[in-house]
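Engineer: When you get a sec, could you give me coordinates for this:
(chains A and B)
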Amino acid sequence: MTRLFPPTRMSRTLLALGLLTSAHAALAETPVERGRYIVQSTGCHDCHTPWIMGPDGPGPDMSRALSGHPQDLTMPPVPSLPEGPWLSVVSATNTAWAGPWGVSFTANLTPDPETGMGKWTAKNFRDTIRSGRHLGRGRELLPPMPYPVYNNMTDADLDAIHAYLQSIPPIRNRVPEPLPPAAKTAATDAAN
Amino acid sequence: MFALRPPTLPLMLMLACAPAVAAPGLHDAPGLLSETGLYADIARREVAADVIPFSPQYPLWSDGASKRRWIRLPAGTAIDASNPDAWVFPIGTRLWKQFAVGRAIETRMIDRIEDGSWRFVSYVWREDGTDAELAPVRGMRVATQDGDYRIPSQADCRVCHEGAAVPVLGFSALQLSADRDPLAPHAETPDPVATDLDALMRSGRLTGLPADKAPRIDAPTPVTRAALGYLHANCGHCHDNAQDAGVPTGLLLAQRVADPAHNDAVLASLVAPADRYRPQNLAADTRLQVLAQRMATRDPRAQMPPLGTAHVDTEGLALIQRWLDESSPTAQGGMP
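Structural biologist: Got it, this is the predicted structure:
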C-alpha cells in the first residue's frame, strides 16, 4: 500500500518535538516543586542539614532540615593538623568546617525571619549565589559553600530554590558567625 | 574588593572541579579610555565639550584616593527626574570617575547601553599617563605609592551599584543640591564649571524635578544632617528597602528627597536594639553602636562597607562618633 504522506525527516522531527512538548507539559512543575527537586539533587542537605548517627549509619536529621549548624552545638577548639596534605576538619554534623579560612558554619536556610532567610527576597538569594557574598552585597562567603557551581544555574532555577526554601517549615536556630583563622585571632582582636 | 586572605587558596582547591563561572561580558566596551568620548585630547587632559564635571556633596570613602567625575548625556536628551529619588537616564548616558593615588590609577565608566541595561568597566592608566586600558572582567591589582590598589571586578561593581534603585549613585538630587553640607566628611571644592541641579534644569538636561527649593536633609542639628548624609552616600545604596535588592537587615540609611518623613524611619531603624553580628561581641545596645564598631574594623567578616575599602575612614567615623556622643541614642529613648 502506498502512504499518502511518507514520514519525511521533517515530519519525524515535528512528531518528536510534539511528543517532547507534551511530555514536558505532563511534568509541568510549580517553582516550589522545581526548587525541591534541585535542592534534593544538588547537595544542600549534605551541609545545611545537621547529620546524626542512625541505625544505618550517619544521615541528615530531617527534623532539622536545612536549619544549618545547631546553635547549641558549641565546638571545642579546632584540632591542629600536622604539616602535610590534610587541609580541613569537619564536625560530625557536617555543619562546622575548619580550614585555613578559619571556621565556617553552614547557614540556616529555613524561612525563620530572625535566624533564617525569612526576609530574603528572591533577588537577595540570586545575588548571593551570583556574587558569592552574604545577601549579594556583604562579606565574601567562606568555603566550602560551592556558590561557583550554583552560579551556573539559571535565574529561574535560583528563583525556584528560593521559592522552595520559603515554603519549608521555619526553624529558629541562630548559627554562629564564622571564626577567624587561628593565627589571625590575636591580630583581629587587637584591631577591634 | 579585598580578598579574604587565607581562604582564597583552599577555596580554589576545594572548588577545583567547579566549572568556570560564566562572567558577564564587557559588551564591546572600547579598549582604551581615549576611545570612550571623555577626552577631546587625552595627552593634554582636555575633556570633550559635551562632557560635564560634577561633584557630589557627600563623597563615598575610597581609602583616600582623590576622585574626579564627569557625565555625558547624548545630544538632545534629558534625565527624567519625575521620581526625584530614582532618576531615569537616557540610553547612551555615560559617567566616568577617575581615581588618583599620587598619579591617575583608574577611570571607571558606567553607561546605559542600547538594551537599557548598564555596563560597568574600568580603564587602568598606563604608568606613562598616555592612555588607560580596559581592565579584565575579574579586576586586577596595581602597585601605587601607597601599596597595592585593587581595580574592582565587574561583579564587585554590581555588588554596590545594583543595590540601589538606579545604579548611578553620586549623581542625584541630594548629591547635586546647591545647598551643600559644610560638615560633610571629605567634601570637595567643586570644579568652577561643575554642574548642579539648577544648572541642569536651566539647560533642560533635567526635567520633572519640582523646582521649589534645593534638596537638603531635614535634620534637627548640623551634626545629625552631616551624619545622615554620610550614611546615605556610603551605606544607603544597600541599606534601603526601596526595592528587592536592598538588604533586609532592618537598617534604613538612604534618604528620600521626595519623602522627608522617611527620615523618621531612618532614625528609628538606627536606634532599634542591636540584633545580628557584632565584632567580638562588644557591648552594643543599638544598631547605631554596632554600625560604628563595624565602620571601625577591617576584619573582613565584619567591616562596613564590606568592599571598596581596606582602610578605616577616620574622619567619617569621627563624625558618627560625635553624633553618637551628642545625641546618645538609645533603643528606648529615641534620638533628639
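
Engineer: Need the pLDDT of residue 145.
Structural biologist: Just so you know, I chose chain A. At A:M145, the pLDDT value in this model is 98.

Engineer: wait, chain B
Structural biologist: 88.

Engineer: show me where the chain has helices.
Structural biologist: Picked chain A for this. For chain A, the helices defined by DSSP state H cover A:9-26, A:31-41, A:44-48, A:122-131, A:147-150, A:155-167, A:185-191.

Engineer: actually chain B
Structural biologist: B:8-14, B:154-161, B:197-202, B:222-235, B:262-271, B:287-295, B:314-327.

Engineer: Grab the CA positions of the fourth one and hand them over as PDB.
Structural biologist: Looking back up the chat, that one is helix B:222-235. The C-alpha trace of helix B:222-235 is given here as PDB (Å, rounded to 0.1, in the frame of the first residue of the first chain):
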ATOM      1  CA  PRO B 222      24.000  70.100  61.800                       C
ATOM      2  CA  VAL B 223      25.900  67.100  63.000                       C
ATOM      3  CA  THR B 224      22.800  64.900  62.500                       C
ATOM      4  CA  ARG B 225      22.400  66.300  59.000                       C
ATOM      5  CA  ALA B 226      26.100  65.500  58.100                       C
ATOM      6  CA  ALA B 227      25.900  62.000  59.700                       C
ATOM      7  CA  LEU B 228      22.800  61.100  57.800                       C
ATOM      8  CA  GLY B 229      24.300  62.400  54.600                       C
ATOM      9  CA  TYR B 230      27.500  60.400  55.200                       C
ATOM     10  CA  LEU B 231      25.400  57.200  55.800                       C
ATOM     11  CA  HIS B 232      23.200  57.900  52.800                       C
ATOM     12  CA  ALA B 233      26.300  58.100  50.500                       C
ATOM     13  CA  ASN B 234      28.400  55.300  52.000                       C
ATOM     14  CA  CYS B 235      25.700  52.800  53.100                       C
END
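
Engineer: So what touches that helix?
Structural biologist: Residues from elsewhere that reach helix B:222-235 (Cβ atoms under 8 Å, 6 or more residues apart in numbering or on different chains): B:56-61, B:169-170, B:174-175, B:181-185, B:216-217, B:219, B:239, B:251, B:253-255, B:263, B:266, B:291, B:304-305, B:313, B:316, B:319-320, B:322-323, B:326-327, B:335. To be clear about C-beta, it is placed using only N, CA and C from the backbone, and glycine gets the same treatment.

Engineer: rerun that using 6 Å as the cut-off
Structural biologist: Here helix B:222-235 makes contact (Cβ atoms under 6 Å, 6 or more residues apart in numbering or on different chains) with B:58, B:60-61, B:181, B:183-185, B:217, B:219, B:253-255, B:316, B:319-320, B:322-323, B:326.

Engineer: how many neighbours does the residue lying closest to B:P167 once chain neighbours are set aside have?
Structural biologist: Sequence neighbours aside, B:H161 is the residue nearest to B:P167 in space, at 3.9 Å (criterion: Cβ to Cβ, 6 or more residues apart in numbering or on different chains). Residues lying near B:H161 (other Cβ atoms under 10 Å in any protein chain shown) number 16.

Engineer: Kindly report the same for B:H311.
Structural biologist: Residues near B:H311, counting by other Cβ under 10 Å: 11.

Engineer: So which bits of stretch A:168-176 are buried?
Structural biologist: The neighbour-count check on stretch A:168-176 (16 or more other Cβ atoms under 10 Å in any protein chain shown) flags A:I168, A:P170, A:I171, A:N173, A:R174, A:V175, A:P176 as buried.

Engineer: how about those residues in CSV, adding distance to A:T93 and pLDDT?
Structural biologist: CSV is the format used below for the buried residues of stretch A:168-176 (distance: Cβ to Cβ, whole Å; pLDDT from 0 to 100):
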residue, distance to A:T93, pLDDT
A:I168, 19, 98
A:P170, 20, 98
A:I171, 14, 98
A:N173, 12, 96
A:R174, 16, 94
A:V175, 12, 94
A:P176, 13, 92
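
Engineer: about what we covered before: format the helices of chain B as TSV; extra columns: mean pLDDT.
Structural biologist: As requested, those are arranged in TSV below (pLDDT from 0 to 100):
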stretch	mean pLDDT
helix B:8-14	39
helix B:154-161	94
helix B:197-202	93
helix B:222-235	96
helix B:262-271	91
helix B:287-295	90
helix B:314-327	93
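
Engineer: between those helices, which one is nearest to A:H134?
Structural biologist: helix B:154-161 (10.6 Å; Cβ to Cβ).

Engineer: Quick one: list the elements packing against that closest one.
Structural biologist: Using 3 or more Cβ pairs under 6 Å, 6 or more residues apart in numbering or on different chains; DSSP states H and E, no helix or strand is in contact with helix B:154-161.

Engineer: Can I get the helices of chain B in a markdown table including distance to B:D146?
Structural biologist: What follows is the helices of chain B, written out as a markdown table (distance: least, Cβ to Cβ, whole Å):
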| stretch | distance to B:D146 |
| --- | --- |
| helix B:8-14 | 23 |
| helix B:154-161 | 20 |
| helix B:197-202 | 35 |
| helix B:222-235 | 20 |
| helix B:262-271 | 33 |
| helix B:287-295 | 21 |
| helix B:314-327 | 15 |
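
Engineer: which one of the ones you listed lies closest to A:P181?
Structural biologist: Closest among the helices of chain B, using Cβ to Cβ: helix B:8-14, at 10.5 Å.

Engineer: about what we covered before: so for B:D148, which of the helices of chain B sits nearest?
Structural biologist: helix B:8-14 (14.5 Å).

Engineer: residues near B:A284, how many?
Structural biologist: By other Cβ under 10 Å, 17 other residues sit near B:A284.

Engineer: interface residues of chain A facing chain B?
Structural biologist: A:87, A:99-101, A:119, A:121, A:123, A:131, A:135, A:137-140, A:142-144, A:148-149, A:151, A:177-178, A:181, A:188, A:191-192 (Cβ under 6 Å from any Cβ of the partner chain).

Engineer: Now the residue nearest the centre of chain A. Nearest residue, chain neighbours left out?
Structural biologist: Most central in chain A under Cα atoms, centre = their mean is A:C44, positioned 3.7 Å from the mean C-alpha point. Of all residues not flanking A:C44 in the chain, A:L66 sits nearest, at 6.5 Å (Cβ to Cβ, 6+ apart).

Engineer: go on, A:V103?
Structural biologist: A:L179 is the one closest to A:V103 (Cβ to Cβ, 6+ apart), at 4.1 Å.

Engineer: got a list of what the closest residue to B:L209 other than its chain neighbours touches?
Structural biologist: Once flanking residues are discounted, B:L209 sits nearest to B:A81: 3.9 Å by Cβ to Cβ, 6+ apart. Counting by Cβ under 6 Å, 6+ apart, B:A81 touches B:W87, B:L206, B:G208, B:L209.

Engineer: Check B:D244 too.
Structural biologist: A:T121, A:K123.

Engineer: Against B:A165, how distant is it?
Structural biologist: Going from B:D244 to B:A165 by Cβ to Cβ, to the nearest Å gives 11 Å.

Engineer: now A:A98
Structural biologist: For A:A98 relative to B:A165 (Cβ to Cβ), the value is 41 Å.

Engineer: And the two? Which one has more around it.
Structural biologist: Higher neighbour count among A:A98 and B:A165: A:A98, with 22 against 17, using other Cβ under 10 Å.

Engineer: Quickly list what that one is bridged to.
Structural biologist: Counting by DSSP bridges, A:A98 is bridged to A:V89, A:V103.

Engineer: didn't it look like it was pressed against A:V89?
Structural biologist: Yes: using Cβ atoms under 6 Å, A:A98 is in contact with A:V89, at 4.6 Å.

Engineer: Quick check: B:E133 vs B:P152, distance?
Structural biologist: Taking Cβ to Cβ, one finds B:E133 at 16 Å from B:P152.

Engineer: More neighbours: which of the two?
Structural biologist: B:P152 (21 against 14).

Engineer: Distance check, the closest residue to that one other than its chain neighbours against chain A.
Structural biologist: Once flanking residues are discounted, B:P152 sits nearest to B:G139: 5.2 Å by Cβ to Cβ, 6+ apart. Distance, B:G139 to chain A, using Cβ to the nearest Cβ, to the nearest Å: 13 Å.
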